[in-house]
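Colleague: coordinates for the following, if possible.
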Amino acid sequence: MADIEQEREKSNNKQNAIDTCSQKLQRDAETIKILERLAGRGPQHVRDAISILKSPQCTRELSVYQLFLHDILRLCDRGLVVLCAASLGKQRVAHLAEDERTGLVGYVKENKSLLGCSALESLANDYQIPLKDDPQLINPQRIDTVSIDPSRKRLKRPASKTISPPYRTKLQHNDLLSFLEKNQGRYVALAIRIPDDENESPSIEISREMCQDLIEHAMESERQRIGL
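Modeller: This next block holds a predicted model:
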């Protein structure tokens, strides 16, 4: 019974990750159709993607992202490379599990007509997204899943970095925003609870790993503020 529950939870987590990315792609595709341009960090994400497509990669994160971009270019089109790069960026894609990335590629492939538009094709030309048979493209290396996804088999933290509860830190608004921006797509909220009692505050459940990383980030930010 426990094995069945674990498989069910794993399947739900996979679908949640794909749904989160697919919903963001849909929203950003609609925005691009209206504005006929990229917004926010989209232009930089696209420039990064072009560089990654055309150069050898030696880190796990960049190799994973390169393979994803190649799959989108090979199975979909140049305009959807622009959308995926601008909307998701390399961090969000690289921190998906391999089966989640495969599911995401499948979603884009099956919904090309929904996501694509003439504005994306024009942007692909403007940003000079390479053709799928461009000789400048680097053939991505298919690394085995263990080396591609070490985030799924995380090493234990050194004892010196372990934070023993209870611990309170001065978490400022800017600290939280900078932490979330730096780790975009890496963590997923486990649960959001809204109590029936209006006098009780809502709460968001996060993983122990995210909590420790957030505390360390806040501590480092505080040290920088006081000049240590």
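Colleague: quick one: the helices in this protein, in order.
Modeller: 2-35, 42-54, 60-75, 78-94, 98-110, 112-115, 118-126, 145-148, 173-182, 208-225 (DSSP state H).
Colleague: deepest in the core, which of those helices is it.
Modeller: The highest average neighbour count among the helices of the chain, using mean count of other C-beta atoms under 10 Å, belongs to helix 78-94 at a mean of 24. C-beta here means a position set from N, CA and C on the backbone, and glycine is covered the same way.
Colleague: pLDDT of it, averaged?
Modeller: Mean per-residue pLDDT for helix 78-94: 96.
Colleague: so what does that helix touch, helix or strand wise?
Modeller: In terms of contacts (3 or more C-beta pairs under 8 Å, 6 or more residues apart in numbering; DSSP states H and E), helix 78-94 is packed against helix 2-35, helix 42-54, helix 60-75, helix 98-110, helix 112-115, helix 118-126.
Colleague: hey, which helix or strand in this structure has the poorest pLDDT?
Modeller: Ranking every helix and strand in the chain by mean pLDDT, DSSP states H and E puts helix 145-148 at the bottom, with a mean of 42.
Colleague: now the residue most central in space within the chain: how far from residue 128?
Modeller: Taking C-alpha atoms, centre = their mean as the criterion, residue 92 is the residue nearest the geometric centre of the chain, at 0.8 Å. Distance of residue 92 to residue 128, given as C-beta to C-beta, to the nearest Å: 24 Å.
Colleague: can you tell me how far the closest residue to residue 57 other than its chain neighbours is from residue 90?
Modeller: The spatially closest residue to residue 57, leaving aside those adjacent along the chain, is residue 63, at 4.7 Å (C-beta to C-beta, 6 or more residues apart in numbering). Plainly put, residue 63 is 11 Å away from residue 90 if you go by C-beta to C-beta.
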